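Engineer: quick one, structure for this:
(2 chains)
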Amino acid sequence: MRTSLRDVNPRLKAIGESPCNALRARALHITQELAQGVPKTFSRVVDLCSFDPQREGVPPNTFLQQVLAVCLYPELLSDENFALDVRQRARRLIQSCEGSSVGCYTPSSGLVYIQHRIAKFITRRDAGVPTDAHSIFICSGFWRTLTMMTKLLSSSEEEPQNGVLVPLPYPHTLAMVLGLAGIRSVPYRLREDAGWAMDLEELQRAIRTARGCCRPMAIFISNPGNPTGHVQNRKSIEEVIKFAAAEKLFLLVNEVDQHSVHGSGIQWVSYKKVLFDMGPKYWDRVQMASFHSLSNGLMGECGLRAGYMELVNVDKEVMIFAETLVNMDISSPVPGQLALDILLNPPQPSEPSYDLYTQEILTNLATLTENALRAQDFLNSLPGMSCQPAVGGFYVYPRVDLPAEVLERAKAAGVEADVLYCQELLEEQGVCVGAGSENGNTGGEYHLRLCVGVSSVVLEEALERLGAFHLRFLDSYSCGPHLETP
Amino acid sequence: MPQHRLVNPMVRNIMALKRVALVRQAVRIEEEIKQGMKKPYNEVIDVSRDNPHATGMKPMSFFRQVIASCIYPELIDSDKMPLDVRERAKTLLECIGGSVGCYSDTIGIPIMRDSVSDFLTRRDEGVPSASGNIFITHGSDHGFGLLLKMLVRGDRSPSVGVLTPVPSQDFGNATLVASGASAVPYYLDGQQGWRLHTEELQRALRSAREVCDPIALYVINPGDPTGHVQSRESMEEIIRFVYEEKLLLFANEDHQDILIGEGCMFISYKKVLAEMGSPFSDAVELASFHSSSKGFMGEGGLHGGYLELVNFDPSVQIEFDRLISIQSLPIIGQLALEVMLNPLQPGDPSYAQYQEEVQHIRETMVHNVTRALEVLNSLPGISCEPIKGGASMFPRLHLPHVAIHQAKEEEQLPDFFYCSRLLEQTGLCVCPGSDLGLPEGTYHIRLCIMTSVDTMEEVLRRLGKFHKQFMKDFS
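Structural biologist: From the prediction side, this is the model:
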């Protein structure tokens, strides 16, 4: 054989194994063991490591299913069992495809009609801030889109390396995306004691550090926060924008969870709107990319693979480069593009499907809200756990204090202590949760990442098992729970 | 902020690709038509690439019925759909976790991978295929890009190189360029039905070694745009070549279902490799690609494909797994793939219609090839060879010196010059051979022949009219 590990992309090798993937592989193995009748204390593995709502009991959206089915098989356009608005929407969407078929290739940035529909949504959402459909790029999911932006920003390997400020904690797939692109990540810590809020002083410290080791070009922000569930208020967003303007940083804003704000009285506002409202002094200077995804809407349509990026105030030349990159990447599969239209431009009150559609979405939102509160309450009741309130998105992110002996065992096993915790939780109780070290929280601070975008039955089961495990786990260390002093 | 000079140099290389220019021109013309500008035609016909449903071909009913039923499972319980559709949809729905909205495993849903490996074992008459070596992709280009991503070495010198056929869509393909690998051309022999000669491969390899580290040979069989189907003999030569030179073999076999030539047979590289026995069958590292974008499906918009790795080092395969782990695959694409690889059996309720549709496509393609040969070979300054497989024809243009000169005056490659004027004057978009890597001196156009009979007539009418006038104007 010729090819060996030696030949593999060094950046890929440097990234290392993802604990989440290893856990999920183990979860799969356990599921197979259960199928073979191996006795365990549980009958199925519950996966809260990452977000897959429909797999964990959240029902799909009827209107979406119906419209897409008709788009796939247009003979159904004459079937009056489908409501009129379903058929009309499907007809319009089919016509927007080349050859009136979802099987045709689309332009690389997506179907022109859908780009316009997205632009319409954004303008409406942001109370009139103008949107140019040409600055919308439809791509196959958030991570793919971000990967493309990183290609734009990444440098050659001559020093200094390009850098991006990233939040700590960050979304668990971010490290790999940036690592593969050869971009240096420089973390800025979010303030756990303030519900994971942004801290301007910390941003300033981070940029100083960054300038010492790389060429910082951009700042990555998640709003709502992933995995923190924090939603920035307008003042906080303005601070970040002023910071980015002063430091000449490109804003990469992950806004995929914008529809999933569930905290009582919490208002989400887009970075673009805030920037616009700050007037020409900032609007004319600050460049940004805002990301959205079909997967994270309350329909949970993760398997369709669609999202978009809006480039705001971007240099014309950079725009051409972005277009070129998009041209050369895979586009979003057509059904996903069509589904974006439904997510962003849902049925209106006068339309037949409105009631059912709205009811299903609101039910999912209510479940999410209840789940977040229930999870926080439950986790906060466990010894050694404390959970900041999550007001948006699909995760809760509790801190867990682990005894010194656990740290030693973990060290001996060559894993982070929170990974060890997650491994044992999975083995003993069949619950898969994420380790905070994957989100960047290392060095003595341990967190868990639990997805609450699941059915309430699934969540209840998971919490019960997690609680049982946690108490048993702590109990097994002599003299009860020792809290690790940071 | 990203300034022009700070943008990744690799991106600038992609900009230099010409392919985008004609696409832009077509988009502009379509806009103008929409705005009511008067033209000698009502619409653009684009046969520069394969998009069969846009050129009059219909999707296969069974596929669409199954997928629609998976998307909206109520259709499974109604009697709107034939029984076999409902049963297939029910089975598939169970495999994918009950909804097309779930995330897929990053390497593909296990049942799908099993399905692919079963298909391959059947296709290759018993040569075993393990589902552990199957990776679901968005399509062949995507699969190719993933492998390259795994094997490139950043900006370290020398870059890795891939021997790439000319002419092909992949030469100068942005997937290659974007990955940082170097595309090293090897020229297919236009005088001999686009055969691949080992001497040419050796020449290409020698020249490659001066500028990069060549690690792979990329072949397309059946050829695109050439329509050539390799003989077993030719394939064995290639395998011996990669064995001796220690290269990886990447085989794009997207067009394997479309064979037009009389008595034409497709054999997979995997089968030939296996049948060559040791030492080749244990040592040659092969990656083959296929997708539902081509063939009878033509479902490019659904993004279903796979790649199979043979004889790769297990630890390299593990790295590949990891690379893939940050991406996600569409479920619908996998459904399309599954149904393509496991179609109906005689006796199934939908079988008759399915067979009829397949037959219709076959007959249409044969008809289109015959007509194209008739029409084009009757024109001065174009010559066209019959094809054995694939979905395109690749006629040669014998351009007058005056035209070549004029093109150069306008700083355009002569065949691009021809195509651009063709598009402007008739609304017909074809692909110039220079976009596919052909060097100066030989000029070709590529046109997709997977179109309805009527569309092909219109294509040939527009092309014929334009061509006659062009030859007159530039004589």
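Engineer: first-to-last residue distance for stretch B:38-47?
Structural biologist: In stretch B:38-47, first residue to last residue: 22 Å (Cα to Cα, to the nearest Å).
Engineer: one more: stretch B:274-289?
Structural biologist: 17 Å.
Engineer: stretch B:246-255 too?
Structural biologist: With Cα to Cα applied, stretch B:246-255 spans 27 Å between its terminal residues.
Engineer: what is the helix ranked longest in chain A packed up against?
Structural biologist: Secondary structure assigned by DSSP state H gives helix A:354-381 as the longest helix of chain A. Contact analysis of helix A:354-381 by 3 or more Cβ pairs under 8 Å, 6 or more residues apart in numbering or on different chains; DSSP states H and E lists helix A:62-72, strand A:385-386, strand A:395-396, helix A:456-475 as its packing neighbours. Where you see a C-beta, it was placed from the backbone N, CA and C, and this is true even at glycine.
Engineer: kindly recompute the last result at 10 Å.
Structural biologist: Packed against helix A:354-381 by the contact rule (3 or more Cβ pairs under 10 Å, 6 or more residues apart in numbering or on different chains; DSSP states H and E) you find helix A:62-72, strand A:385-386, strand A:395-396, strand A:448-451, helix A:456-475.
Engineer: tell me which of those sits nearest to residue B:320.
Structural biologist: Checking the helices and strands packed on helix A:354-381 against residue B:320 by Cβ to Cβ gives strand A:448-451 as the closest, at 26.3 Å.
Engineer: can you tell if the closest one touches chain B?
Structural biologist: No. Using Cβ under 10 Å from any Cβ of the partner chain, strand A:448-451 never reaches chain B; the gap is at least 11.5 Å.
Engineer: what comes up buried for the longest helix of chain A?
Structural biologist: A:354, A:357, A:360-361, A:364, A:367-369, A:371-376, A:378-379 (16 or more other Cβ atoms under 10 Å in any protein chain shown).
Engineer: cool, and stretch B:251-267?
Structural biologist: Within stretch B:251-267, the residues scored as buried using 16+ other Cβ under 10 Å are B:251-261, B:266-267.
Engineer: show me where the stretch 51-200 of chain B has its helices.
Structural biologist: Using DSSP state H, counting those that start in this stretch, the helices found in the stretch 51-200 of chain B span residues B:61-71, B:74-77, B:83-95, B:110-123, B:140-151, B:174-179, B:198-211.
Engineer: if we can go back for a sec, as a markdown table, the buried residues of stretch B:251-267 with secondary structure, distance to chain A and pLDDT would be great.
Structural biologist: Supplementary listing: those in a markdown table, determined by DSSP: H, G, I helix; E, B strand; the rest coil; distance: Cβ to the nearest Cβ, whole Å; pLDDT from 0 to 100:
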| residue | secondary structure | distance to chain A | pLDDT |
| --- | --- | --- | --- |
| B:251 | strand | 16 | 96 |
| B:252 | strand | 15 | 94 |
| B:253 | coil | 19 | 95 |
| B:254 | coil | 14 | 90 |
| B:255 | coil | 16 | 91 |
| B:256 | coil | 19 | 91 |
| B:257 | coil | 15 | 87 |
| B:258 | coil | 16 | 86 |
| B:259 | strand | 22 | 86 |
| B:260 | coil | 21 | 84 |
| B:261 | coil | 26 | 77 |
| B:266 | coil | 23 | 93 |
| B:267 | coil | 24 | 95 |
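Engineer: quick one: is stretch B:361-373 near chain A?
Structural biologist: No. For stretch B:361-373, no contact with chain A is found by Cβ under 10 Å from any Cβ; the gap never falls below 13.3 Å.
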